[in-house]
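Novice: Mind looking at a prediction? Sequence and model below.
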Amino acid sequence: MNNSIEEGKTPAITSYILIIGVLIAMSMNSENKNSFASFHIRQALGLSLTFISFGLIISNFDSFMITFPMWICISILWTYGIFSAIQGQTKPVPLVGALFQKWFKSIG
């Protein structure tokens, strides 16, 4: 298991670099499927899509009182995810991580 985690760390960490990182990590993980990398690719994809979706919706309000909490929330979830990947853990991000694993189970 540790060998699998070490092999999957690079794509797992790469996946958290916005949506482009997810695409790069998916191509890195396409040949030799690594379950650790796949877990984090699904988490990062979910976070990226959530960020884009919230950004599109909240940008219509043009209010600092609405956009600032969104940025804080996404930043905390992103930090949690990337540190989980760095530490070699497969802990889903709070609130939405389990949903991301379910929704994107075919990815990775």
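Specialist: Nice, I can see it.

Novice: Mind jotting down where the helices sit in the protein?
Specialist: 2-14, 18-28, 35-58, 64-86, 97-103 (DSSP state H).

Novice: a markdown table for these, including mean neighbour count and mean pLDDT?
Specialist: (Each C-beta comes from the backbone N, C-alpha and C, glycine too.) Below are the helices of the chain laid out as a markdown table (neighbours: other Cβ atoms under 10 Å; pLDDT from 0 to 100):
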| stretch | mean neighbour count | mean pLDDT |
| --- | --- | --- |
| helix 2-14 | 18 | 86 |
| helix 18-28 | 17 | 92 |
| helix 35-58 | 20 | 93 |
| helix 64-86 | 15 | 93 |
| helix 97-103 | 16 | 94 |
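
Novice: OK, contacts around the closest residue to residue 104 other than its chain neighbours?
Specialist: The spatially closest residue to residue 104, leaving aside those adjacent along the chain, is residue 42, at 4.2 Å (Cβ to Cβ, 6 or more residues apart in numbering). By Cβ atoms under 8 Å, 6 or more residues apart in numbering, residue 42 lies in contact with 100, 101, 104, 105, 107, 108.

Novice: Could you report the pLDDT at the third one?
Specialist: With respect to pLDDT, residue 104 has a value of 92.

Novice: can I assume it is in contact with residue 47?
Specialist: No: with contact defined as Cβ atoms under 8 Å, residue 104 and residue 47 do not form a contacting pair (11.2 Å).

Novice: and the residue nearest in space to the middle of the chain, what does it touch?
Specialist: Central residue of the chain (Cα atoms, centre = their mean): residue 44, 1.3 Å from the mean position. Shown in contact with residue 44 (Cβ under 8 Å, 6+ apart): 15, 16, 21, 22, 25, 81.
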